[in-house]
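# Here is a sequence with its predicted model. Questions after.
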Amino acid sequence: MATIVAPATDNRPETGAELLVPVPDEDGAPFWAYAAQGELRVQTCSRCDEPRFPPRPCCPHCQSFDSRWQRMSGRGRIWSYVVPHPPLLPAYAAQAPYNAVVVELAEAPRIRLVGNLVASADAPLRSVDPARLRIGAPVKVTFHTMPGGVTVPRWLLERP
Ligand SMILES: [Zn+2]
């Protein structure tokens, strides 16, 4: 999917620190390409229709190598979350307190994506008060293009 993270080269806030950005791999490249178009899509088996994540060549359910990229509604629920505490990388320490959420997708509850809950697509990572985080809270996807050019899904509360 994105097994390596690299510093965003032109993302140097006042701290001089860098946020990490995904580096798409071959299997995950379509996920990021669709995200750049504002679409959340999940690799789905063309034979048994089971979605799978992270992307990989072979279906773990029926072993088929045929797949498609199924568009999701972008709705889901917070399945889990953390509010990271120090020690943090400098770029993240500058943005604390922020959250990392695990979202289960409405159409595919076994598919869970890690991201950040924010107040709007381009808002700072710390734009949602951690006290507002709740397991089960309905969320919807939005997309944020990072300084390095990679577009990542982010999450908004359905009832802000
Ligand atoms: Zn299958």
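Cool, got the structure. Note that this is a predicted model, so its numbers are computed, not measured.
# what's the distance between the closest residue in space to Glu50 that isn't next to it in sequence and Leu89?
Leaving aside its sequence neighbours, Glu50 sits nearest to His61 (C-beta to C-beta, 6 or more residues apart in numbering; 4.6 Å). C-beta: built from backbone N, CA, C; applies to glycine. When distance is defined by C-beta to C-beta, to the nearest Å, His61 is 37 Å away from Leu89.
# Around the residue nearest to Glu50, how many other residues sit close by?
13 (other C-beta atoms under 10 Å).
# Ok, the one 3 residues further on next?
Per other C-beta under 10 Å, the neighbour tally for Ser64 reads 13.
# if I pick it, what's in contact with it?
Going by C-beta atoms under 8 Å, 6 or more residues apart in numbering, Ser64 touches Cys45, Ser46, Arg47, Cys48, Cys58.
# Buried by neighbour count, from those: which ones?
Buried residues within those, counting neighbours by 16 or more other C-beta atoms under 10 Å: Cys45.
# filter the contacts of Ser64 by proximity to the ion?
Among these, proximity to the ion is found for Cys45, Arg47, Cys48 (C-beta under 5 Å from the ion).
# Which one of the residues you listed is nearest to Tyr81?
Closest approach to Tyr81 among those (C-beta to C-beta): Cys45, at 29.2 Å.
# Was I right to think that closest one contacts Gln63?
No - under the criterion of C-beta atoms under 8 Å, Cys45 makes no contact with Gln63, lying 9.4 Å away.
# any idea how far the residue most central in space within the chain is from Phe65?
Centroid check for the chain by C-alpha atoms, centre = their mean gives Gly115 as the closest residue, at 3.8 Å. From Gly115 across to Phe65, the span is 28 Å (C-beta to C-beta).
# ok, now Ala36?
The value you get for Ala36 to Phe65, if C-beta to C-beta is used, is 25 Å.
# what about those two, which has more around it?
Between Ala36 and Phe65, counted using other C-beta under 10 Å, Ala36 has the larger neighbour count: 14 against 10.
# What ranges does the protein have for its helices?
Assigned by DSSP state H, the chain shows helices spanning 29-36, 90-93.
# got the domain boundaries for this protein?
25-71, 73-160 (automatic domain parsing).
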